[in-house]
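>>> No letters, just coordinates:
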């Protein structure tokens, strides 16, 4: 069954039908060619999810009625935020799509010393629109009940302030892998409690600069490796998210 | 330090220098612009790895001498083979690159009932050459000591015969996720012993057909889910590999 994560509120949906327009209307009518009677999952911005049934289409709207609440959750028990050094070749787009499928809560791009690309305010706005669409589509396709928030790019010091709310703060650092340090990441994951927030920072191609590591360590971040193989900048966050899901959703 | 996984044997390398030609010569001389004295990692087809030092370049060859054995391993303690239903849009190329970084031992493409693409023998040959290059590059970049073997596409019944050597045989099946079955994958992973072989089958877009599931179950494969979110065909194997690495290399 198709899922739609909608901007409209579903607060009164059990009592009154809802009308959706624009993208959702177009997708149901023209892309999926749904007929009245078709059931879909609907999720609103609060994460409330239910099954709705299409009553009918008007010229620009689709009307749906409530069928049943969705009882199971597809969200991770912990909130994972990843911060990724800006990298070339749309790697961030791949990260956003895959990290969304893998359950990320929030994604923060940041220009690292070794980042080759630079984004000005105008470029950032355009990128954000595209990033948000990728996250929305991936969230719907993977049956998430939350669309990950993509933040505007932050500087390292903004990132440090932002991290103050997090109980767990890690930096994936290749040098730890080279030194054979494999314990800290698993140690952190096994200590995660439901509703904990964890922030993990990943460098761009070329990795984080030692001065950036020093800044982060002073701010309470711990460096960790993700095992003995050196992962590319777009692979490391996917490894981390899969491991967190495995630890908190499958192993528990 | 750069790594080269070479076709030449390093059996006598502690006693006599080695000469590399073609791709390795070109990469060291023209791409990396290495000077004599530069040290690199060398790994041969047996997995033996060491540090070598460049003595010098001739017109078409680079000569290296042995410096030290590499003592640490970057290979997973278990052998993981993934079999992936043929899918569109070069998704298999992404899987090969990322799965190699994540430690896969062997990759088998197979035409599934819902696969839209078909490969004839000629196309398979061309694809294999490209796949092998992707695996080699990803293995070198991630500092593997083994280049994953990419098999020619197998039919489902060939895959079933092939699976007879494996102690653990799983099929990632979306229907299990929908039914909320999350236990079997973790249960299997926690039972893995060093040198065990595990084979995991992943469907193409559109998933495996129920008749394929029946065939695989009769042959001793168990269906399992990879958690509550529905993963795309190219994301599921990466999740599985990251989880296996986490379980066998980090948590142990």
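Sure, I can see it. Treat the numbers as computed from the prediction; the structure is a model and nothing was measured.

>>> next one: stretch A:22-29 to chain centre, how far?
24 Å (C-alpha atoms, centre = their mean, to the nearest Å).

>>> who touches it?
Residues lying outside stretch A:22-29 but in contact with it, judged by C-beta atoms under 8 Å, 6 or more residues apart in numbering or on different chains, are A:2, A:4, A:6, A:20, A:34, A:38, A:40, A:54, A:57, A:60-62. (Each C-beta comes from the backbone N, C-alpha and C, glycine too.)

>>> how about those, which pair is most distant?
A:2 and A:60 (19.7 Å; C-beta to C-beta).

>>> Test my guess that residue A:1 contacts residue A:40.
Yes - shown here, residue A:1 and residue A:40 form a contact pair, counting by C-beta atoms under 8 Å, at 6.0 Å.

>>> And chain B, is stretch A:226-236 touching that?
Yes - counting by C-beta under 8 Å from any C-beta of the partner chain, chain B is contacted by stretch A:226-236 at A:226-232, A:235.

>>> Highest neighbour count among these?
Neighbour count (other C-beta atoms under 10 Å in any protein chain shown) singles out residue A:226 as the most crowded of the residues of stretch A:226-236 next to chain B, with 30 neighbours.

>>> give me the element residue A:213 is part of.
Using DSSP states H and E, the element containing residue A:213 is helix A:210-218.

>>> Strand partners (parallel or antiparallel) of the next helix or strand after that helix?
Next along the chain after helix A:210-218, taking DSSP H and E as the criterion, comes strand A:222-224. Partners of strand A:222-224 in the sheet, by DSSP bridges, are strand A:168-172 (parallel).

>>> Please check the contacts of stretch A:22-29 and keep the buried ones.
By neighbour count, with 16 or more other C-beta atoms under 10 Å in any protein chain shown, these hold A:2, A:4, A:6, A:20, A:34, A:38, A:40, A:54, A:57, A:62 as buried.

>>> Filter those down to the ones in strands?
A:4, A:20, A:40, A:54, A:57, A:62 (DSSP state E).

>>> got the contact list for the last one?
Contacts were defined as C-beta under 8 Å, 6+ apart; by that measure residue A:62 touches A:19-21, A:24-25, A:28-29, A:54, A:56.

>>> for the stretch 151-252 of chain A, what spans make up the helices?
With helices called from DSSP state H, counting those that start in this stretch, the stretch 151-252 of chain A shows them at A:156-162, A:174-178, A:184-190, A:210-218, A:236-245.

>>> and the last one, average pLDDT?
Meaning helix A:236-245. For helix A:236-245, mean pLDDT rounds to 98.

>>> excluding its backbone neighbours, what's nearest residue A:243?
Once flanking residues are discounted, residue A:243 sits nearest to residue B:246: 4.0 Å by C-beta to C-beta, 6 or more residues apart in numbering or on different chains.

>>> coming back round to it: tell me the one of the ones in strands among the buried ones among the contacts of stretch A:22-29 nearest residue B:94?
residue A:4 (27.1 Å).

>>> and chain A, what are its domains?
A:3-69, A:79-251 (automatic domain parsing).

>>> Kindly reformat these as JSON lines and extend each row with distance to residue B:181.
Shown next, in JSON lines, are the domains of chain A (distance: least, C-beta to C-beta, whole Å):
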{"stretch": "domain A:3-69", "distance to residue B:181": "19"}
{"stretch": "domain A:79-251", "distance to residue B:181": "10"}
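
>>> Of all the ones you listed, which one comes closest to residue B:66?
Of all the domains of chain A, domain A:79-251 comes closest under C-beta to C-beta, at 20.9 Å.

>>> quick one on the thing from earlier: please report how far the residue nearest to residue A:243 lies from residue A:116.
To residue A:116, residue B:246 is 31 Å away according to C-beta to C-beta, to the nearest Å.

>>> Can you pick out the residue with more neighbours from these two?
residue B:246 (26 against 12).

>>> My read is that that one contacts residue A:244, right?
No - Residue B:246 sits out of contact with residue A:244 when judged by C-beta under 8 Å, with a separation of 9.0 Å.

>>> Quick check: neighbours shared by those two?
Common contact partners of residue B:246 and residue A:244 (C-beta under 8 Å, 6+ apart): residue A:189.

>>> And the furthest pair within the residues of stretch A:226-236 next to chain B?
A:228 and A:232 (15.0 Å).

>>> Next one: stretch A:135-152, is it in contact with chain B?
Yes - residues of stretch A:135-152 contacting chain B under C-beta under 8 Å from any C-beta: A:141-144.

>>> what's the answer for stretch A:98-109, then?
Yes - interface with chain B: stretch A:98-109 contributes A:98, A:101-103 (C-beta under 8 Å from any C-beta).

>>> ok, residues contacting the longest helix anywhere in chain A?
Looking across chain A with DSSP state H, the single longest helix is helix A:121-141. Contact with helix A:121-141 is made by A:2-5, A:92-93, A:96-98, A:100-101, A:107, A:119, A:144, A:146-148, A:150, A:152-153, B:230, B:232, as judged by C-beta under 8 Å, 6+ apart.

>>> Which ones among those residues lie within strands?
A:3-5, A:107, A:150.

>>> circling back to that earlier point, nearest to residue B:195, of the buried ones among the contacts of stretch A:22-29?
residue A:2 (44.3 Å).

>>> how much space is there between residue A:6 and residue A:43?
7 Å.

>>> Quick check: which ranges of the stretch 151-252 of chain A have low pLDDT?
A:177-178, A:180 (pLDDT under 70).

>>> Give me every residue in it lying close to chain B.
Checking the stretch 151-252 of chain A against chain B by C-beta under 8 Å from any C-beta, the hits are A:180, A:182-183, A:185-186, A:189-190, A:226-232, A:235, A:238-239, A:242-243, A:245-247, A:249-251.

>>> If we use 6 Å, what do you get?
By C-beta under 6 Å from any C-beta of the partner chain, the residues of the stretch 151-252 of chain A that approach chain B are A:182, A:185-186, A:227-231, A:235, A:238-239, A:242-243, A:245-246, A:249-251.

>>> Please tell me I have it right and residue A:186 contacts residue B:248.
No - using C-beta atoms under 6 Å, residue A:186 makes no contact with residue B:248, being 11.1 Å away.

>>> Mind pulling the model confidence for residue A:121?
84.

>>> Fine by me, we can end here.
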